[in-house]
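**Student:** The sequence isn't on hand, but the structure is:
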């Protein structure tokens, strides 16, 4: 659903303040000029928002730059604390990671990205550190494709209208027709395997978590290095993944 930006209930200044916060996802520290350019705000307006956030304790100012403080995590934790799904998946992920010997994760679809809401780390096999809140483009990930496969036709059309299908690696599938065909296969088989499309040398397998109405609400996955496993080996992990996803789905 698109925000009703022309509604009388829409507070433009509040939305712009959130845009300032989100801009720091691009860099840990930014100058006033960089914030203004990233948000499209004037320097004067950006300065007011930044100093308001400093006053509230969500940001700190140095001589030349601004950066977020740990207090900003309260906003994300408020969401996590309100979600029964997070409470349900944490012990399931821990048991699954111990059983498989691989890191396990659960994510949801947010816009055109997957956002990690829970993770159990064993050993990191990615160059990028993954934590709760990490985002990746949905089309290039196994969990993202499982979530996209769970959308209805109208929702999927809206996704493709918004998504920028660019190469993350040389293996990334970016053709919309090919992606749609892949999503149809995933919908039919009930799982997704992606190799080397998000990071070279990384393969992952994901399965859906569904609610009582059989709607896909999240995805669960595990990843391996292809130097130790081949994509065919990932299907051997499916029974444990499906059992874990069913446990969470039944609890929902």
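**Tutor:** Cool, the structure landed. Here the structure is a predicted model, which is why all the values come from computation and not from measurement. Numbering: from 1, shown residues only.

**Student:** alpha carbons only for contacts and neighbour counts from here, please
**Tutor:** Fine.

**Student:** for the residue nearest the centre of the chain, helix, strand, or coil?
**Tutor:** Compute the mean C-alpha point of the chain, and by CA atoms, centre = their mean the closest residue is residue 115, 1.8 Å away. Look at residue 115: counting by DSSP: H, G, I helix; E, B strand; the rest coil, its state is strand.

**Student:** Make sure it is actually in contact with residue 137.
**Tutor:** No. Residue 115 lies out of contact with residue 137 (CA atoms under 8 Å); the separation is 9.1 Å.

**Student:** Tell me where the stretch 101-250 of the chain has strands.
**Tutor:** Using DSSP state E, counting those that start in this stretch, the strands of the stretch 101-250 of the chain run over 104-110, 113-120, 135-137, 192-195, 202-210, 216-225.

**Student:** And the helices in the stretch 51-200 of the chain, which stretches?
**Tutor:** Assigned helices in the stretch 51-200 of the chain, in chain order: 73-82, 84-100, 142-149, 153-162, 176-189 (criterion: DSSP state H, counting those that start in this stretch).

**Student:** any chance of these in a markdown table, with mean pLDDT too?
**Tutor:** Putting the helices of the stretch 51-200 of the chain into a markdown table (pLDDT from 0 to 100) gives the following:
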| stretch | mean pLDDT |
| --- | --- |
| helix 73-82 | 65 |
| helix 84-100 | 86 |
| helix 142-149 | 97 |
| helix 153-162 | 95 |
| helix 176-189 | 96 |
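
**Student:** which intervals of this structure have sub-threshold pLDDT?
**Tutor:** Low-confidence segments of the chain (pLDDT under 70): 1-7, 76-83, 123-128, 228-232.

**Student:** now residue 180: how far from residue 214?
**Tutor:** Distance from residue 180 to residue 214, counting by CA to CA, to the nearest Å: 21 Å.

**Student:** Which one's more surrounded, the two?
**Tutor:** residue 180 (16 against 10; other CA atoms under 10 Å).

**Student:** Quick check: the more buried one vs residue 190, distance?
**Tutor:** To residue 190, residue 180 is 15 Å away according to CA to CA.

**Student:** Repeat that for residue 15.
**Tutor:** From residue 15 to residue 190 the distance is 38 Å (CA to CA).

**Student:** That concludes my questions; thank you for your assistance.
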